[in-house]
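# My questions concern the predicted model and sequence given below.
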Amino acid sequence: MKKKILVLGLDCAAPELLFGYEELHNIRRLMDAGCHGPLESVVPPITVPAWMCLSTSQDPGTLGIYGFRNRTDHSYNGLGIVNSRSIDALAIWDQIAREGGRSIIVGVPPCFPPRKVSGLSVGCFLTPDTDKDVFTHPASLSDEIRRVVGHYPTDVKGFRTDDKTWLRDQIFAMSRTQFQVLRHLMTEHDWDYCHFVDIGLDRMHHGFWRFHDPLHVRHEPNSPFQHAIRDYYRHLDHEIGQVLELLDDETVVLVVSDHGARRLDGGFCVNEWLVREGLLVLNSYPDKVTPFGKLDVNWDKTKVWSEGGYYARVFLNVQGREPRGTIAPADLPRFRDELKARFEATTDEHGKALGTLVFKPEEVYRQVRNVAPDLIVHFGGLAWRSIGGVGYPTIHVQENDTGPDDCNHAQFGSFALASSNCPIQGEYQGAHLLDMAPTLLELAGFDVPPSMQGRCLAAGRVLQEVGYSDEGEAIVRDRLSGLGYIG
């Protein structure tokens with residue numbers, strides 16, 4: 001008999017906080033009932049594509065999605081924003097549908113347009129306007145949700161703000177509404193798999209980390225917001241407890257994050273640096289800070305440019321690939337290696353090595369689909385974000401090109417897994433984001449599709465009602481040997 005699966009996604013949940021706050025009694029119940037630990041995310045550890053990497057057990061390169069915006073072709077301005085139709089890989093809810101099950105998917109990015117599943121889906125924070133748009137599948141579910149809670153928020157608009165009281169109150173209110181809808185759907189509709197993502201925790205980390213972390217470069221001691229993040233973890237623990245009350249003892253439960261969180265020390269102006277290195281050439285230097293898309297680039301002399309964000313996507317101007325390429329294909333491997341070394345040697349404003357990490361897509365992904373960056377750069381191991389604009393007086397800045405932001409993503413998120421037939425107990429080291437879907441499927445008695453790249457954490461040790469006993473497996477092995485299928 002198959003088990004139900006519940007996944008409660010806490011976007012950006014940091015293991016040191018989720019497992020460190022002793023007052024999170026419901027999280028500790030799950031920790032005591034199963035296994036838990038740090039969870040290595042994908043490169044880059046970004047909300048999109050990380051949640052779909054978890055759900056499909058495929059890496060970003062195989063999905064062909066490297067962030068929220070991706071090159072649609074090899075032109076210089078062909079960038080497209082990801083939506084639910086950008087990813088067609090088989091997800092865990094698709095496998096469950098293959099075996100006759102139904103799913104409830106709430107806020108799993110990207111989920112606009114609302115993802116068509118066997119069951120119900122509710123849009124994520126990429127939904128433009130839930131008051132005007134159909135944000136669910138089926139469409140009638142939008143009206144049902146409005147009857148239950150009125151306005152349904154998928155995000156806090158303008159969350160990069162200095163009005164922290166407003167921001168805190170908006171995030172808490174959004175999360176309470178979303179959990180209310182989640183419990184309504186779980187009790188009023190049939191399901192075999194339920195997956196919810198709380199985006200509020202990510203917004204809390206980005207908005208309040210400097211008040212929480214005494215090592216933050218802009219830490220404000222004794223701030224009225226010093227406990228805001230801890231209070232939000234308490235809120236989540238309470239909401240999770242109410243959800244757990246709806247379950248039977250046989251439900252497989254996973255609380256999980258797509259990545260972690262860490263303090264942000266500053267911004268590295270990547271295109272400014274490329275200009276000064278002579279790799280990005282402008283026809284005219286701007287008289288004020290200017291986004292890359294509005295720069296007057298001399299493409300006939302430019303070799304490298306970058307998109308900013310929590311990490312940098314670096315692109316090379318290759319002859320025969322880009323319209324006005326300057327790097328000969330034969331020189332590309334050497335040039336890219338040299339550029340990688342130059343990025344790795346970047347320093348802070350005091351000349352100290354940043355510890356920047358640089359990745360070649362083909363070395364970290366099983367496949368590289370669509371138009372991938374030539375290099376992926378984590379400045380300072382994600383202690384520094386990448387600033388894409390040009391016109392800054394220095395390479396290192398404290399201001400942010402997108403508004404106030406206190407933290408960056410960290411490579412390791414969190415997981416707590418409880419299932420009555422899971423043989424793993426206590427703290428577990430070595431889990432990867434891609435391991436979650438196959439582990440859930442196997443624990444619940446579903447097939448694991450061959451497209452999934454991760455491993456079941458309890459592979460070969462799951463206690464299932466259906467399958468070979470040791471004696472039965474020996475009989476079949478002997479039979480196959482006699483038939484010549486195995487030697």
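Nice, thanks for sending it over. Numbering: from 1, shown residues only.
# Every contact and neighbour count from this point should use C-alpha atoms.
Noted.
# And the helices in the chain?
Secondary structure of the chain (DSSP state H): helices at 15-18, 25-33, 47-56, 60-63, 92-98, 140-149, 164-188, 200-212, 228-244, 270-276, 332-344, 361-364, 436-444, 470-483.
# Pull out the buried positions in the first one.
Within helix 15-18, the residues that qualify as buried are P15, L17, L18, counting by 16 or more other CA atoms under 10 Å.
# Show the pLDDT at the second one.
I take that to be L17. In the prediction, the pLDDT value recorded for L17 is 98.
# how much space between it and L6?
22 Å (CA to CA, to the nearest Å).
# And the lowest mean pLDDT element among the helices and strands of this protein?
Lowest by mean pLDDT, DSSP states H and E among the helices and strands of the chain is helix 470-483, with a mean of 53.
# returning to that earlier point: and of the buried residues of helix 15-18, the nearest to M452?
Taking CA to CA as the measure, M452 sits nearest to P15 out of these, at 25.0 Å.
# Could you pull up the residues touching that closest one?
Shown in contact with P15 (CA atoms under 8 Å, 6 or more residues apart in numbering): G37, P38, G260, F412, G413, S414, F415.
# what do you get for F292?
N271, E307, G388, G389, V390.
# Go again with 10 Å.
F292 is in contact with N271, E272, W305, S306, E307, G308, I387, G388, G389, V390, counting by CA atoms under 10 Å, 6 or more residues apart in numbering.
# contacting residues around stretch 140-156?
Contacts of stretch 140-156 (CA under 10 Å, 6+ apart): 106-107, 120-131, 133-136, 167-168, 170-175, 177-178, 180-182, 184-185, 198-200, 203.
# how far is that stretch from where the chain is centred?
Centroid separation for stretch 140-156 versus its chain: 24 Å, with CA atoms, centre = their mean, to the nearest Å.
# Identify each buried residue in it, please.
For stretch 140-156, burial by neighbour count (16+ other CA under 10 Å) applies to L141, S142, I145, Y152, P153, T154, D155, V156.
# Please apply the same query to stretch 440-454.
Residues of stretch 440-454 classed as buried: L440, L441, E442, L443, A444, G445, F446, V448, M452, Q453, G454 (neighbour count, 16+ other CA under 10 Å).
# residue contacts, the second one?
By that I understand L441. The neighbours of L441, taking CA under 10 Å, 6+ apart as the test, are 2-5, 92-93, 95-96, 193, 252, 447-449, 456.
# count of neighbours near M1?
9 (other CA atoms under 10 Å).
# again with the one 10 residues further on
Residues contacting D11 under the criterion other CA under 10 Å number 27.
# Equivalent analysis for A431, please.
Neighbours of A431 (other CA under 10 Å): 21.
# That one against E40, yeah?
Yes. Using CA atoms under 10 Å, A431 is in contact with E40, at 6.3 Å.
# which residues do these two both contact?
By CA under 10 Å, 6+ apart, the residues touching both A431 and E40 are F412, S414, F415.
# for stretch 250-266, how far is the first residue from the last?
One end of stretch 250-266 to the other measures 46 Å (CA to CA).
# List the buried residues in it.
Neighbour-count burial for stretch 250-266 flags 251-266 (criterion: 16+ other CA under 10 Å).
# tell me how far the ends of stretch 12-28 are from each other?
Termini of stretch 12-28 sit 19 Å apart (CA to CA).
# what comes up buried for it?
With burial defined by 16+ other CA under 10 Å, the residues of stretch 12-28 counted as buried are C12, A13, A14, P15, L17, L18, F19, L24, N26, I27, R28.
# hmm, back to that, can you flag the weakest of the helices of the chain by average pLDDT?
Mean pLDDT is lowest for helix 470-483 out of the helices of the chain, coming in at a mean of 53.
# related to what we said a few turns ago, which of the contacts of stretch 140-156 count as buried?
Neighbour counting with 16+ other CA under 10 Å marks 106-107, 120-128, 130, 134-136, 167-168, 170-172, 174-175, 177-178, 180-182, 185, 198-200, 203 as buried within the contacts of stretch 140-156.
# beta partners of A353?
For A353, the beta-bridge partners are T347 (DSSP bridges).
# which residues touch it?
Contacts of A353 by CA under 10 Å, 6+ apart are E344, A345, T346, T347, G380.
# mind redoing it with 8 Å?
A345, T346, T347.
# number of nearby residues for the first one?
The one in question is A345. Around A345 there are 14 residues (other CA under 10 Å).
# Confirm for me that it is in contact with T356.
Yes. With contacts counted by CA atoms under 8 Å, A345 reaches T356, the gap being 7.3 Å.
# one step back: using a markdown table, lay out the contacts of A353 together with distance to N421.
A markdown table is the format used below for those (distance: CA to CA, whole Å):
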| residue | distance to N421 |
| --- | --- |
| A345 | 49 |
| T346 | 49 |
| T347 | 50 |
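# What is the nearest of those residues to H189?
Taking those together and measuring to H189 by CA to CA, the closest member is T346, at 53.8 Å.
# give me every residue that touches the closest one.
Counting by CA under 8 Å, 6+ apart, T346 has contacts A353, L354, G355, T356.
# Give me the phi and psi for it.
Dihedral angles of T346 (phi, psi; degrees, to the nearest 10) stand at phi -60, psi 150.
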